[in-house]
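Asker: pasting the structure only:
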C-alpha cells in the first residue's frame, strides 16, 4: 500500500507493466529511490554511470521490445544529461518515459541549488511534459504520460519536486473535481484502416506500374510476410532504410538491401529507375536518393498522417499500422507477368553480394573493417540483437550484417548520435537476458560513454562489444574529404588499449589485428559468460563509399587530396584497389 507520493508513482509504473528503470541516483530523487528500494521485487533498477546512457538504454529497450522504456534522473544536471538519448527516441519513434526530480516545490524559481526548470527544458523533446504538484496528481499525470508515449511513439516527461516525493500518499489537498480512482492504467492501441476507396486507388496505381520499388522503414518491421508477398505480386525489389534493416531477411530474393550513403548500388538503381514507389513505414530523410519528383507515382503507408508526402509527393496515402494496411491491400494486387525490373535488380544484387564476399574475405593488412564485420556476421545467432553505433562502422554493419531468422537491429537513425551502441546493448540485454547481444561501435563513440562497460560487468550482462578501432573519427574525416573537399582536420584520436581497459573494469578483453585471427577471436569473445570487448585494429584509410559515387563527390575527393590531405597516397592506393576489385 502506497505511503508516499513516490510510492504512488512506482506502484503505478508496476501497474503499467514496467519491469525495468534505467538511471542514476541523486539527491533530487531520493524519495523515488526509497520507493524503488521497497518495491525491488517487482521492478528492477539498473544503475548506469551517466544519465545520457540511461536515456539511450531506455530508447534501445523500447526499440527492441515495443514496450515503453523508462529512465530516471535527478534534478538539474541529471535531467539535462538525459536529453540526447531522449531526442534519439523522439526522432526514431520510440516510446520512452523520462522521470526527473526537481528542487523543493516552494523554492522553484529562487535560484536554489540545481534549480533548473526541467519542464520548460523538455518542452521540445517531450510530447507530454508535466510537473507533478502533489500526491493526488501522480496517478493521473503518469497515466497520461504513458498513454502519450505509447500512442504517439514518442517521449513523455514527468518532473517531481524533491519534497513532494515524500509527502504522504493521502496528504495534501485533493480538489473536489479530482475523483479518486478515475484514471485507468490501460492503453488501447488504435488500428485504423484507410477507407476502401483509398485501398482501391492504391491497388490500381500499383497494378498499373511497370517498375515498382518498395521502400521499407522501421514501421515495416512487423510485416515481413506481407512485404514479401507485395514484392512477389508487384515484381518489385524491397529497398530498406537503415531502421528497416530487419524488415525482411537480407538473404531474401526480393531485397536489394539498404539505401543511402551506406546502402547498396542495386538499391540506388532501383529507386533511380522505378516508375512506381511504395513507401511502407519510412521517413528516410535523404531526399537525393529518392526518385526525382514526377518520375514515379507513389503510394505511402504510414501510421502517422503527418509523414505522408513528407519526403516524396505521394499520390495515395494509406494511414494505419503497416501490417493491417498491407493485408487489406494485397488481395487487390495482381501478380505481374512482366518480371524484368525485379529480375534485373536480383541480378545486380547477385553481383553486389559477390563483391561484398570478395571484400569481406580480403587478407590485406592493415585489416579491412569489412573483413572484421564479415567474420562477425557468420558467428551471429539467428535471434541475435545488433546494436549499432554511428560512424564508418554503420556502413560496414549495414552492408555486412545479414539479417536472418528473428535477428533485430537498431541504430540511432534520424538523430545519428554517437555513443548509442553500448547503452542500447544494456537495454537489449535487460529486455532479453537469454539472447545474444552484440554492440558494434567505433573507438570515438565508445569512449564517449565507455564507463557503461562497468554497468555490463555489474549486472553480469553477456554483451559482446566489437570496437572498430582506427584511431580516428572516421565518418567525419570522410565527410570532410568527400562532401566538402577539405583535408581532414581535428579527427585524429589518441589511441587507447581497449582490451586492457576491459580487463581493468572486469570484462574479458581481446585484440585482433589480422584477418586470419578475426573469426577465432570473435568466437572466443562471444562465448564469454559475461561482457567482452574486442578491439579490432583496422585500416584507417578504407573509405565507406556509397554504392554509386556522384560526380560532385569525386570532384570533392580530388580537391581534398590536391589541397594537402595527409596520407593521400595511401588513400589513393586503397580507393584504386577497391575500384579495380569492382571491375574484376
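Answerer: Thanks, I have the structure now. Here the structure is a predicted model, which is why all the values come from computation and not from measurement.

Asker: give me the element the nearest residue to residue 131 once chain neighbours are set aside is part of.
Answerer: Spatial nearest neighbour of residue 131, chain neighbours left out: residue 119 (4.6 Å); criterion: Cβ to Cβ, 6 or more residues apart in numbering. C-betas here are computed from N, CA, C, even on glycine. Taking DSSP states H and E as the criterion, residue 119 maps to helix 118-121.

Asker: isn't residue 49 right next to residue 455, touching?
Answerer: Yes. Under the criterion of Cβ atoms under 8 Å, residue 49 makes contact with residue 455 at 6.1 Å.

Asker: which of these two has more neighbours?
Answerer: Higher neighbour count among residue 49 and residue 455: residue 455, with 27 against 16, using other Cβ atoms under 10 Å.

Asker: Which strand or helix spans that one?
Answerer: Per DSSP H and E: residue 455 is located in helix 452-458.

Asker: For that helix, give me every contacting residue.
Answerer: 46-50, 53, 422-423, 425-426, 429, 461, 463, 465, 501-502, 505-507, 530-531, 533 (Cβ atoms under 8 Å, 6 or more residues apart in numbering).

Asker: coming back round to it: okay, buried residues for the helix holding residue 119 please.
Answerer: Across helix 118-121, burial judged by 16 or more other Cβ atoms under 10 Å covers 118, 119, 121.

Asker: ok, now stretch 92-105?
Answerer: 92-105.

Asker: Straight-line length of it, end to end?
Answerer: 34 Å (Cα to Cα, to the nearest Å).

Asker: mean confidence for it?
Answerer: Averaged across stretch 92-105, the pLDDT comes to 96.

Asker: what's the distance between that stretch and the middle of its chain?
Answerer: On the basis of Cα atoms, centre = their mean, to the nearest Å, stretch 92-105 sits 20 Å off its chain's mean C-alpha point.

Asker: again with stretch 434-450
Answerer: 13 Å.

Asker: what's the span of that stretch, first residue to last?
Answerer: Start to finish, the residues bounding stretch 434-450 are 24 Å apart (Cα to Cα).

Asker: what does stretch 358-373 give?
Answerer: Its first and final residues considered, stretch 358-373 spans 13 Å by Cα to Cα.

Asker: So what touches that stretch?
Answerer: With Cβ under 8 Å, 6+ apart as the criterion, stretch 358-373 contacts 356, 374-375, 392-393, 396-397, 399-401, 440, 466, 468, 470, 512-516, 518, 536-540, 542, 578, 581.

Asker: same deal with stretch 289-300?
Answerer: With Cβ under 8 Å, 6+ apart as the contact definition, stretch 289-300 has outside contacts at 202, 205-206, 208-209, 213, 259-260, 263, 268, 271-272, 274-279, 284, 307-309, 311-318.

Asker: for the protein, what's the longest helix?
Answerer: Counting residues, the longest helix found in the chain (DSSP state H) is helix 340-360.

Asker: Identify each buried residue in that one, please.
Answerer: Applying 16+ other Cβ under 10 Å to helix 340-360 flags 341-342, 344-346, 348-349, 352-353, 355-356, 359-360 as buried.

Asker: Adding pLDDT and distance to residue 444, write those out as a markdown table.
Answerer: A markdown table is the format used below for the buried residues of helix 340-360 (pLDDT from 0 to 100; distance: Cβ to Cβ, whole Å):
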| residue | pLDDT | distance to residue 444 |
| --- | --- | --- |
| 341 | 98 | 41 |
| 342 | 98 | 40 |
| 344 | 97 | 39 |
| 345 | 97 | 35 |
| 346 | 97 | 37 |
| 348 | 96 | 33 |
| 349 | 96 | 32 |
| 352 | 94 | 28 |
| 353 | 95 | 30 |
| 355 | 91 | 28 |
| 356 | 93 | 25 |
| 359 | 91 | 23 |
| 360 | 94 | 23 |
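
Asker: Mind picking the two most distant members of the residues you listed?
Answerer: Largest separation among the buried residues of helix 340-360 by Cβ to Cβ: 341 and 360, giving 28.1 Å.

Asker: list the contacts for residue 16?
Answerer: 68, 142, 146, 185.

Asker: these two touch, right, the third one and residue 70?
Answerer: No. Using Cβ under 8 Å, residue 146 makes no contact with residue 70, being 9.4 Å away.

Asker: Name the residues contacting each of the two.
Answerer: Common contacts of residue 146 and residue 70 (Cβ under 8 Å, 6+ apart): residue 97.

Asker: Quick check: the gap between residue 277 and residue 548.
Answerer: Look at residue 277 and residue 548: by Cβ to Cβ, to the nearest Å, they are 18 Å apart.

Asker: If you could redo that for residue 447, that was the one I meant.
Answerer: 33 Å.

Asker: more crowded one of those two?
Answerer: Neighbour count, other Cβ under 10 Å: between residue 447 and residue 548, residue 447 has more, with 18 against 14.

Asker: Sticking with the more buried one, tell me its helix or strand.
Answerer: helix 443-448.

Asker: which residues are contacting that helix?
Answerer: Residues outside helix 443-448 that contact it (Cβ under 8 Å, 6+ apart): 389-391, 418-422, 465, 467-474, 493, 496, 498, 535.

Asker: Export the buried residues of helix 340-360 as a markdown table, with columns for distance to residue 294.
Answerer: Shown next, in a markdown table, are the buried residues of helix 340-360 (distance: Cβ to Cβ, whole Å):
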| residue | distance to residue 294 |
| --- | --- |
| 341 | 19 |
| 342 | 23 |
| 344 | 23 |
| 345 | 22 |
| 346 | 27 |
| 348 | 25 |
| 349 | 27 |
| 352 | 28 |
| 353 | 32 |
| 355 | 32 |
| 356 | 33 |
| 359 | 36 |
| 360 | 39 |
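
Asker: closest to residue 489 among those residues?
Answerer: Closest approach between those and residue 489, by Cβ to Cβ: residue 359, at 28.5 Å.

Asker: Quick check: residue 305 touching residue 314?
Answerer: No. With contacts counted by Cβ under 8 Å, residue 305 stays clear of residue 314, the gap being 11.1 Å.

Asker: Can you pick out the residue with more neighbours from those two?
Answerer: When neighbours are counted by other Cβ under 10 Å, residue 305 and residue 314 differ, and residue 314 comes out ahead with 21 against 11.

Asker: Nearest residue to the more buried one in space, please, no chain neighbours.
Answerer: Residue 314 sits nearest to residue 300 (Cβ to Cβ, 6+ apart), 4.0 Å away.

Asker: Run the chain-centre distance for the helix or strand that neighbour falls within.
Answerer: Secondary-structure assignment from DSSP H and E places residue 300 in strand 297-302. Chain-centre distance of strand 297-302: 23 Å, with Cα atoms, centre = their mean.

Asker: Just give the strands next to that strand in its sheet, each with its orientation.
Answerer: Note on strand 297-302: by DSSP bridges, its sheet partners are strand 276-280 (parallel), strand 316-319 (parallel).

Asker: Past the strand or helix carrying residue 207, which element shows up next along the chain?
Answerer: Secondary structure assignment for residue 207, by DSSP H and E: helix 196-208. Under the assignment DSSP H and E, the closest C-terminal helix or strand after helix 196-208 is strand 212-216.

Asker: Next, the angle helix 340-360 makes with that following strand.
Answerer: Relative orientation of strand 212-216 versus helix 340-360 (axes from the mean of the first three to the mean of the last three Cα atoms, to 10 degrees): 50 degrees.

Asker: Local confidence estimate at the nearest residue to residue 49 once chain neighbours are set aside?
Answerer: What sits nearest to residue 49 in space, not counting adjacent residues and going by Cβ to Cβ, 6+ apart, is residue 451, at 3.7 Å. Note for residue 451: predicted pLDDT of 98.

Asker: what's near enough to touch residue 423?
Answerer: Contacts for residue 423 (Cβ under 8 Å, 6+ apart) come out as 48, 52, 53, 54, 55, 56, 57, 60, 85, 449, 452.

Asker: how about it, phi and psi?
Answerer: When read as degrees, to the nearest 10, the backbone of residue 423 gives phi -60, psi -40.

Asker: Also residue 532?
Answerer: Dihedral pair for residue 532: phi -140, psi 150, per degrees, to the nearest 10.
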